[in-house]
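Whatever this is, show me its structure:
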Amino acid sequence: MLYTSYRYGWDSQMMGLSLAAIGIMSGLVQGTLIKPIVARIGERRTLLVGLLFGAAGFAIYGVASTGLQFWAGIPVMALWGIAGAATQAMMSKLVTASEQGQLQGANASIMAVAGLIGPGLFSLTFAWSIGRGGAAQLPGLAFLLAAALLVVAVALAWQVTRGAQFGAGDAN
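A predicted model of the protein is given here:
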């Protein structure tokens with residue numbers, strides 16, 4: 001990762017270990033936590049909490065001045081994974097069985113567009129933030145931008161799901 005190499009001086013081995021830790025933590029969340037969390041607090045709250053964990057994780061990454069601090073953000077960021085499952089479940093309930101394919105196709109298209117825009121936006125923000133005359137030499141600015149975007153997503157999700165009942169434990 002360009003960021004961790006620049007900010008912490010990590011080599012490819014350290015980046016690989018970090019990516020492995022991210023994968024393991026994400027797998028643990030996906031495989032063990034989603035079902036009990038949704039059962040306890042419901043899909044809507046799971047979505048909102050998951051987005052907040054994502055925002056917190058990006059914020060930790062953005063302000064981490066050491067590699068160890070960055071690593072502390074990995075479990076927080078992994079909990080963002082609960083939001084995706086809740087989102088899928090909520091959307092699936094809003095369309096008929098014959099529309100499920102269209103929904104999944106639309107979701108895949110949105111993810112593809114995000115996959116095209118995200119890396120470019122991160123790279124441009126990172127380059128601007130460390131360049132001469134950049135944003136107070138704040139290399140984590142791209143992560144802070146991502147955190148801010150997730151806070152906006154929380155506000156949107158709160159608004160568009162208000163009044164709807166999604167799963168156990170959801171009350172308005």
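
For the residue nearest in space to the middle of the chain, give its distance to residue 131.
Taking Cα atoms, centre = their mean, the centroid of the chain lies closest to residue 54, which sits 4.2 Å from it. If you measure residue 54 against residue 131 using Cβ to Cβ, to the nearest Å, the figure is 27 Å. Using the backbone N, CA and C atoms, a C-beta is placed for each residue, glycine as well.

mind showing which ranges of the chain have poor pLDDT?
Residue ranges of the chain with pLDDT under 70: 133-136, 164-172.

quick one: the strands in it?
Assigned strands in the chain: none (criterion: DSSP state E).

And stretch 7-15, end to end?
This stretch, stretch 7-15, spans 12 Å end to end (Cα to Cα, to the nearest Å).

Give the buried residues for that stretch.
Buried residues in stretch 7-15, counted by 16 or more other Cβ atoms under 10 Å: 7-8, 10, 15.

ok, back up a step: surely the residue nearest to the centre of the chain meets residue 83?
Yes - look at residue 54 against residue 83 with Cβ atoms under 8 Å: they come within range, at 6.5 Å.

rewinding a little: OK, contacts around the residue nearest to the centre of the chain?
Taking Cβ atoms under 8 Å, 6 or more residues apart in numbering, we find residue 54 in contact with 77, 79-80, 83, 147, 150.

which of those residues lies closest to residue 64?
The shortest approach to residue 64 among the contacts of residue 54 belongs to residue 77, at 11.4 Å (Cβ to Cβ).

Now that closest one. Nearest residue, chain neighbours left out?
Nearest non-adjacent residue to residue 77, counting by Cβ to Cβ, 6 or more residues apart in numbering: residue 57, 2.9 Å away.

list the contacts for that neighbour?
By Cβ under 8 Å, 6+ apart, the contact list for residue 57 reads 73-74, 76-80, 147.

Now render these as CSV, adding neighbour count.
Below are the contacts of residue 57 laid out as CSV (neighbours: other Cβ atoms under 10 Å):
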residue, neighbour count
73, 20
74, 19
76, 19
77, 22
78, 23
79, 20
80, 21
147, 20
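
That concludes my questions; thank you for your assistance.
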